[in-house]
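Chemist: Here's a sequence, model it:
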Amino acid sequence: MRAVVQRVSRAKVTVNGEITGEIGPGLLVLVGVGTGDTRADADYLADKTIGLRIFEDSGGKMNLSVVDIGGAVLAVSQFTLYGDVRRGKRPSFDAAAPPQSARELYEYFVEKIRAAGLPCETGRFQEMMQVELVNEGPVTILLDSAKTF
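Modeler: Below is the predicted model of the structure:
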């Protein structure tokens, strides 16, 4: 599994004019599921996301997690994180998991975040979404359960 984690002061997702998820300070997490991913991958990604120390402490050093600041998470599914453009200019999504298994692992990831006591809003799986955010910093971190980066 892969994630793009952005530190935000606020973020929201809209589907067909309806706000489906909205947070104040916290993390916007774009989540992609690859073929062969398992719950262990989702566990790794959730634990890493929850524990990321990318919020500033009183000394201005990135030393606090989203839990430490009392923040929230907005998790948005995004299969395009598995887009491969190494050959040509049109992305191939062969490495992305099929929708049913991707949905199951995405929802499991959300459950893990909520089980840690964090508010976790979501977009809508397999829908065209509009994502708005104010990235603080900007701070953007890439995560991959296969640890390729």
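
Chemist: residue boundaries of the helices in the chain?
Modeler: 39-51, 99-115 (DSSP state H).

Chemist: if I look at residue 85, how far off is residue 91?
Modeler: In this view, residue 85 and residue 91 are 5 Å apart by CB to CB, to the nearest Å. Heads up, the C-betas are built off the backbone N, CA and C, glycines and all.

Chemist: Settle it for me: which of these two has more neighbours?
Modeler: residue 91 (13 against 9; other CB atoms under 10 Å).

Chemist: Ramachandran coordinates for that one?
Modeler: Per-residue torsions, residue 91: phi -60, psi 140 (degrees, to the nearest 10).

Chemist: That one contacts residue 83, correct?
Modeler: Yes - Residue 91 lies in contact with residue 83 (CB atoms under 8 Å); the separation is 3.5 Å.

Chemist: Any figure for the gap between residue 42 and residue 130?
Modeler: To residue 130, residue 42 is 25 Å away according to CB to CB.

Chemist: who has more neighbours, these two?
Modeler: Neighbour count, other CB under 10 Å: between residue 42 and residue 130, residue 42 has more, with 23 against 12.

Chemist: ok, the more buried one - contacts?
Modeler: Counting by CB atoms under 8 Å, 6 or more residues apart in numbering, residue 42 touches 1, 105, 108-109, 112, 145.

Chemist: mind putting those in TSV, pLDDT, neighbour count and distance to residue 35 included?
Modeler: Below are the contacts of residue 42 laid out as TSV (pLDDT from 0 to 100; neighbours: other CB atoms under 10 Å; distance: CB to CB, whole Å):
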residue	pLDDT	neighbour count	distance to residue 35
1	98	26	11
105	98	22	11
108	98	16	16
109	98	27	16
112	98	19	21
145	98	19	13
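
Chemist: Would you mind checking which of those is nearest to residue 58?
Modeler: Residue 58 has its nearest neighbour among those in residue 112, at 29.4 Å by CB to CB.
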